[in-house]
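**Q** Take this sequence and fold it.
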Amino acid sequence: MEYISLITGFIMLMIGLWGILSQKNIIKIIIGFTIFDTAINIIIISIGYISGRTAPILDKAVPVKDADTKIVDPEPQALVLTSIVISLGVTALMLAYALKLHKYKNTLEINKFKDLKW
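**A** Numbers count the residues shown, from 1 in each chain. So this is what the prediction gives:
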C-alpha cells in the first residue's frame, strides 16, 4: 500500500518528461515541467516515508527520548518545501517569458521561433 505514491510519482514523472520533450507549444512545455517537478516532490516524500512512524513533531504524544524510533526524518519534507518555493519562482519566470514571446511574435509554437537558430 505504501508503494502507491511512489508508483504514482514515477508515472507522473514520465508524463511530465513526455510533455517537456514532445510538445511544441510553450505553455504545454511549462505544464509538463510543472508535472515533472511535482512528481519529483512526490517521489522524495514517498522515499522518506517510514511505515508506522509519525510526523516529526515533538509533543506529549512523542516523548523526546523515543523520538528517534517514532518519528520520520524531517529532511525530505524540508527539501520538498524548498523545492516547491523554487519551482513556483521558476514556473512564474517561464510564464513571464512565454507572455513576452507571445506579445512580440503572436505565437507560442516553438517551431515558429527562428531568431536564435543557425
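**Q** And Glu109, its phi and psi?
**A** The phi/psi pair for Glu109 (degrees, to the nearest 10) reads phi -80, psi 120.
**Q** and if you look at the one 5 residues further on?
**A** Backbone geometry at Lys114, expressed as degrees, to the nearest 10, gives phi -120, psi 0.
**Q** What pLDDT is listed against it?
**A** pLDDT recorded at Lys114 is 81.
**Q** now do Leu21
**A** The model's pLDDT for Leu21 equals 95.
**Q** hang on, it in a helix?
**A** Yes. Under DSSP: H, G, I helix; E, B strand; the rest coil, Leu21 sits within a helix.
**Q** who are the neighbours in contact with the residue nearest to it when sequence neighbours are not counted?
**A** Spatial nearest neighbour of Leu21, excluding adjacent residues (CB to CB, 6 or more residues apart in numbering): Gly32 at 7.9 Å. Where you see a C-beta, it was placed from the backbone N, CA and C, and this is true even at glycine. Applying CB atoms under 8 Å, 6 or more residues apart in numbering to Gly32 gives the contacts Ile15, Gly16, Leu17, Trp18, Gly19, Ile20, Leu21, Gln23.
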